[in-house]
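Q: pasting the sequence and the predicted coordinates here, then a few questions.
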Amino acid sequence: MKELFNISPHSIGDGFTMDLKTGVVDVPDENGGYIISTSMGAGKTESIKSLIRHKYDSGILYCVDTKEELRKMYRWIMEELVKDDNCGLEYDDVMIVSSDSEFQCQLSLYRDNPEMLVYKKVILITHVRFWTDLINYFLIYSPDKNEEVRPFDGDFA
């Protein structure tokens, strides 16, 4: 399924362009965190769906305001990506960290073994959890479980 607003990956590097209703946002090839802030209905969520579809192998941290937004994106990922045999994203590649009763099992796994986050391709959390939990685990991604994971050095760039 195509998203309503697709991203266009750069031909070289990890960057991409988001063509929103309100204008074009070019995300450079450098690693780092980016905040996309536009009006409601501009296409942020649909573009982020496209971003997840194209770039999940690079590690995605999806951070939103409400549990409802979190739940919607998680369900979309499970239905549209994990169930799509052509996608390659597996159920175990995705982690939602939420106190919602529906996700208690994943929350328990996270609490018992928070370092497991560094191996997840897509992590979904709320903004509050980002600032109250072990922030270093949210910011490190290691696609190779045999590779040593370097600790977060405090540089948010």
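A: All right, it came through fine.
Q: distance of residue 15 relative to residue 45?
A: Separation of residue 15 from residue 45 (Cβ to Cβ, to the nearest Å): 20 Å. For the C-beta atoms, the positions are set from N, CA and C on the backbone; glycine is no exception.
Q: between these two, who's got more neighbours?
A: For residue 15 and residue 45, the more surrounded residue by other Cβ atoms under 10 Å is residue 45, and the numbers stand at 20 against 15.
Q: and the helices in the chain?
A: Per DSSP state H, the chain carries helices over the ranges 44-55, 67-76, 104-112, 127-132, 135-138.
Q: kindly reformat those helices as TSV containing mean pLDDT and distance to residue 19.
A: Formatted as TSV, the entries for these read as follows, by pLDDT from 0 to 100; distance: least, Cβ to Cβ, whole Å:
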stretch	mean pLDDT	distance to residue 19
helix 44-55	88	8
helix 67-76	94	20
helix 104-112	89	34
helix 127-132	80	26
helix 135-138	72	28
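Q: which stretches of the chain aren't confidently modelled?
A: 1-4, 31-32, 134, 136, 149, 151, 156-157 (pLDDT under 70).
Q: now for residue 129, how many residues are close by?
A: By other Cβ under 10 Å, the burial measure for residue 129, its neighbour count, is 18.
Q: how about it: what's its closest non-neighbour residue?
A: residue 97 (5.8 Å; Cβ to Cβ, 6 or more residues apart in numbering).
Q: separation between that neighbour and residue 63?
A: Distance from residue 97 to residue 63, counting by Cβ to Cβ: 10 Å.
Q: got any residues that touch both of these two?
A: Residues within reach of residue 97 and of residue 63 at once, by Cβ atoms under 8 Å, 6 or more residues apart in numbering, are 124, 125.
Q: which of the helices of the chain is buried the deepest?
A: With neighbours defined as mean count of other Cβ atoms under 10 Å, these peak in mean count at helix 44-55, which reaches a mean of 20.
Q: so what secondary structure elements neighbour that helix?
A: Using 3 or more Cβ pairs under 8 Å, 6 or more residues apart in numbering; DSSP states H and E, the elements in contact with helix 44-55 are strand 7-9, strand 16-20, strand 60-64, helix 67-76.
Q: nothing else from me, thank you.
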